[in-house]
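# can't give you the sequence, but here's the structure:
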């Protein structure tokens, strides 16, 4: 419960609920209920609350403003003791909506290990037992100061991404209240004092008072009691603030120095020493005590006591005074002489440990000097006693008080307190996000406490002053983090004050960068190549694929898979990336496999990368060689010199490798008949000749060759090599006629009556070469100046070139040339004697009997030819007459059929329609009828009179041209097709008629029961015509028959229809 700062209460209220929200809600509801109670119930309620508050172990005071809270806490309570609720006591719930309030979180500095705070409810509790005397050392507090612990409580709002945003800084001050847990303590448990026996009554012996570390009027020393001394001594307050009770106790003293007063005269001879005990009692409810045993020795007389110039000394010492420097000099004197007047300075017994730690005293000069550097912020004031002692026997001494005030200097660097809501940050945290905040402080004052801070050597972070207070700095993310670059970020902050020279201090805190899956796996190589021998065993290792993912944990945990493995011959271990073959591989079946491996991490969402893996199957010699073709054809020109290359025999081996071809050995099998003509190189397979070849002797050779794998003799293959010897033009043409020996073998006779173009004789020759080399062309070189003869260049026929007369009678000697067709041609010349004789002359090279027989043969041949021609003329005349007769009969049958057709068609016409027209003129008949299949349709004859005659003449002209073209052996005509029914004049012997007697069309014209005998006879003759069609084609070989229509026209043209 928060109370006004002007009052303080000790509260014993029940501990508030755990949830701050529930606490606030209960407070509001309770307030409304109390407003509705009666006055009596209200009084009773507040009386109960007041009674409960008086029993509480903690008390709270709240400042007027909501940004600073004051709590009071009694020391030595157990860990976990409730201190307060930040949200409730600061009334922060009034500043936010319920939704915003639910997102608030609360923090206190991590270095503050004495308290804990619930980050959601803001309940503040102790984390350990707190001892006030440890927090505030005795003597360190100035008069009126309280022992308090101050810190900042930070209020954050949680973001949707898990980050924080600083909203407020609430300063919390907890005053630690003292309890009586420390008894009074003297500087030592025993001490010894010396006193001369000659001293007068009332002499005071000085000794140190007890010190109580507790605070408050009730917990410190309340009284001293003197025990022992036989009534000779009593206690005295040296500051005159105490009161002596009736029983001799000293009450209410606040002095640090006690006096033991002599009440009776001493006699050393009677009692040489006294034993006293001083008991110090504090004022707590349960009183605690402390004591010191004092032994007082009675000495011989020493008249004068040394005395200080002043009963108290003061000095102001800057805290930065060097060690060994003089703080102040004590001044004392002793009126005794010689040894009794010699004085020595020392700290009074007992002296606080802290005084002897920081100061020293020169026993001779009395100079108090610094034994240790001072710290204003730690000890601002020192109060102690000093003693001056003379050298007499017994020695006498006096005491004085010393107060040393420490002056502040800028000797304190700023102290930096870091509040870090969370020590981990995600690497994808947005720039500008809140990370932590700093609360620097400086125990110096004025400008020495003005602090400036900045981040050192880390550009990822920057400081920003918090708007609520100038002494708090927010640490803001300035650049994006990268877990893969650094998993931790050390934030070094340096703060310096405004002193001259300024002092600085640095602190650092470490942030753990939390990984997010922002990196896909990366393969060690852009592409992998692996080798494996064929005929491998299943499970054979092929390669290991490795990918690295700089992300952490599951984000960097990579698994592997094959996403392109169409053959299914390989598998990959998903964890190790090892690729193995799952089948036995055959390089000849597939020499190279292209695989695609995918590496995928286990982040969310998952990222992946692919890499190409090429697996080459290494060859083993497990296949025999073979020839691509079983028969290899080669050609070589005849007459080539020895060792001429014919060709190369090349075998193939499915196996591969650099030495595959080197293992193949070629040879000719032993069954070859001509080993002296050909040889085969064993390594290269080159076939070459061992002697010149002659095509005229042998034109081709069949050679059986084989190849053997030298490393595997059982691996072999065979093939046949066909060597064709190409012709070389090495033979000139040779005349058989005219011959080269004798005129009888080179003379020919011809009568001058032979017509031009008649063949006189044909050259007889031969050439042993082949191809173009054996092709001979003939010509007359000389001897035909009269241009009487012509020699055919190809056939070698000698002809009469022009009409001869008697002037040409005589012997003509011609030089004829036969030249072959070789590139480098060869030729032969011969003399041919042509003797031109008169008409009754005979061949000079024939004898009389042979000439007579020849003439008889000629006469017989002429007679036979004449008889055959006469017979052919007679047969032709008979055939023509027969054709003409049958044509006339067919024309009559056709006219009858047309008349019947007209009679049948006439009843079917509707009134007003026109029947088919028959136009006759000039002995010709034309009928428009339905066309039969294969016969072109006739033009429509819908006009009458002059128009009908004109149409008929046009169609008749087309028919005549068509027949002439067909009978003129294929002259093309682009005119329109003819009608299926036409008739020609019977008066003209050269005229033709066209008619197609089709059973289907006839059926459409006349029903079977109405057929006339003439029509039946006509069709019978037409069938006979079809049977004789072969005969017609024999004597008309030039006629081109292109289809059914042309066949029909031929029949009409021949008179068979």
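That came in fine, so what should we check first? Small disclaimer: the values here were computed from a predicted structure and weren't measured. Residues are numbered from 1 along each chain as shown.

# Quick check, residue 817 in contact with residue 781.
Yes - applying CB atoms under 8 Å, one finds residue 817 in contact with residue 781, separated by 4.9 Å. C-beta here means a position set from N, CA and C on the backbone, and glycine is covered the same way.

# Looking at the two, which one has more neighbours?
Taking other CB atoms under 10 Å, residue 817 and residue 781 do not tie; residue 817 has more neighbours (17 against 12).

# On the three-state scheme, the more buried one is what?
strand (DSSP: H, G, I helix; E, B strand; the rest coil).

# Is it correct that residue 339 falls within a helix?
Yes - counting by three-state DSSP, residue 339 is part of a helix.

# So it versus residue 364, what's the distance?
15 Å (CB to CB, to the nearest Å).

# Also residue 555?
78 Å.

# More neighbours: which of the two?
residue 555 (21 against 10).

# Strand partners (parallel or antiparallel) of whatever helix or strand residue 491 lives in?
Per DSSP states H and E: residue 491 is located in strand 488-496. With DSSP bridges as the test, strand 488-496 is paired with strand 452-456 (antiparallel), strand 504-514 (antiparallel).

# Identify the residues contacting the first one?
Outside of strand 452-456, the residues within contact range by CB atoms under 8 Å, 6 or more residues apart in numbering are 414, 416, 438, 440, 461-463, 473, 475, 491-496, 498, 506.

# Could you rerun that using 7 Å?
438, 440, 461, 462, 463, 473, 491, 492, 493, 494, 495, 496 (CB atoms under 7 Å, 6 or more residues apart in numbering).

# Next: the last one.
Residues from elsewhere that reach strand 504-514, judged by CB under 7 Å, 6+ apart: 413-416, 418, 420, 423-427, 435-436, 481, 483, 486-496.

# related to what we said a few turns ago, can you tell me which of the contacts of strand 452-456 are buried?
438, 440, 461, 462, 463, 473, 491, 493, 494, 495, 496 (16 or more other CB atoms under 10 Å).

# Make CSV out of these and add pLDDT and distance to residue 156.
Putting the buried ones among the contacts of strand 452-456 into CSV (pLDDT from 0 to 100; distance: CB to CB, whole Å) gives the following:
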residue, pLDDT, distance to residue 156
438, 86, 15
440, 87, 20
461, 93, 18
462, 92, 19
463, 91, 18
473, 88, 16
491, 93, 18
493, 92, 19
494, 91, 25
495, 91, 23
496, 87, 28
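
# With distance to residue 209 added, can I get these in CSV?
Below are the buried ones among the contacts of strand 452-456 laid out as CSV (distance: CB to CB, whole Å):
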residue, distance to residue 209
438, 45
440, 41
461, 56
462, 57
463, 52
473, 48
491, 52
493, 48
494, 48
495, 44
496, 45
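
# can you list residues touching both of residue 817 and residue 781?
In contact with both residue 817 and residue 781: residue 829, using CB under 7 Å, 6+ apart.

# Specify the helix with the largest residue count in the protein.
Looking across the chain with DSSP state H, the single longest helix is helix 848-905.

# other SSEs contacting it?
helix 999-1005, helix 1013-1027 (3 or more CB pairs under 7 Å, 6 or more residues apart in numbering; DSSP states H and E).

# ok so, going back, so which of the strands paired with strand 488-496 gets nearest residue 157?
strand 504-514 (19.8 Å; CB to CB).

# ok, the helix or strand that comes right after the closest one: who's next to it in the sheet?
Using DSSP H and E, the next helix or strand after strand 504-514 towards the C-terminus is strand 522-523. With DSSP bridges as the test, strand 522-523 is paired with strand 547-548 (antiparallel).

# Show me the contact partners of the following helix or strand past the strand it pairs with.
Sequence-wise, the next helix or strand downstream of strand 547-548 (DSSP H and E) is strand 558-564. Residues outside strand 558-564 that contact it (CB under 7 Å, 6+ apart) are 521, 545, 547, 549, 570, 572-575, 577, 595-601, 610.

# Narrow the residues you listed to just the buried residues.
Buried among the contacts of strand 558-564 (16+ other CB under 10 Å): 521, 545, 547, 549, 570, 572, 577, 595, 597-601.

# Flag the shaky bits of the stretch 401-550 of the chain, pLDDT-wise.
Counting by pLDDT under 70, the low-confidence segments of the stretch 401-550 of the chain come to 411, 468-470.

# what are the ranges of the strands in it?
Using DSSP state E, counting those that start in this stretch, the strands of the stretch 401-550 of the chain run over 415-419, 424-426, 434-441, 452-456, 461-465, 473-477, 488-496, 504-514, 522-523, 527-533, 541-544, 547-548.
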